[in-house]
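**Student:** have a look at this prediction, sequence included:
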Amino acid sequence: METQPDSNLTDSNLSKIPSGETWNYEATVAKVETIIRQIETGELELAEVFDQFANAVEYLHQCEDFLAQRQQQMDLLIETLTNDSDF
């Protein structure tokens, strides 16, 4: 039985994740946490708050896309294990 790709995982979604070895899930989450702390200080100008918020949202989308991609890979691996046990 072949699994169809998740309809939420389009090429455009996956392309939001920066390619290469420079992107890291944990580092991206840390960036979001840093942005949240900066916003919570109340020391940023309003325009900077909006810019930083937009950055945080983009980082969160990258993380979400990464996790969705990895979930799809895990589902395929689990299905492979299930199919192998049928023999």
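**Tutor:** Structure received.
**Student:** ok, now which ones touch the residue at minimal distance from the centre of the chain?
**Tutor:** Centre of the chain computed as the mean C-alpha position; nearest residue by C-alpha atoms, centre = their mean is Cys63, 1.8 Å away. Residues in contact with Cys63 (C-beta atoms under 8 Å, 6 or more residues apart in numbering) are Tyr25, Thr28, Val29, Val32. Every C-beta, even on glycine, is put in place using the N, C-alpha and C of the backbone.
**Student:** and it, what element?
**Tutor:** In the assignment (DSSP states H and E), Cys63 maps to helix 46-84.
**Student:** for that helix, give the mean pLDDT please.
**Tutor:** For helix 46-84, the per-residue pLDDT values average out at 95.
**Student:** name the nearest of the contacts of Cys63 relative to Phe50.
**Tutor:** Distances from Phe50 to these, taken as C-beta to C-beta, are shortest for Val32 (15.6 Å).
**Student:** surely the closest one touches His61?
**Tutor:** No: with the criterion set as C-beta atoms under 8 Å, Val32 and His61 do not qualify as a contacting pair; they are 10.7 Å apart.
**Student:** more crowded one of those two?
**Tutor:** Set side by side, Val32 and His61 show unequal neighbour counts under other C-beta atoms under 10 Å, the larger going to Val32 at 18 against 13.
**Student:** how close does the more buried one sit to Leu60?
**Tutor:** Distance, Val32 to Leu60, using C-beta to C-beta, to the nearest Å: 6 Å.
**Student:** also Thr82?
**Tutor:** Computed with C-beta to C-beta, the distance linking Thr82 and Leu60 is 32 Å.
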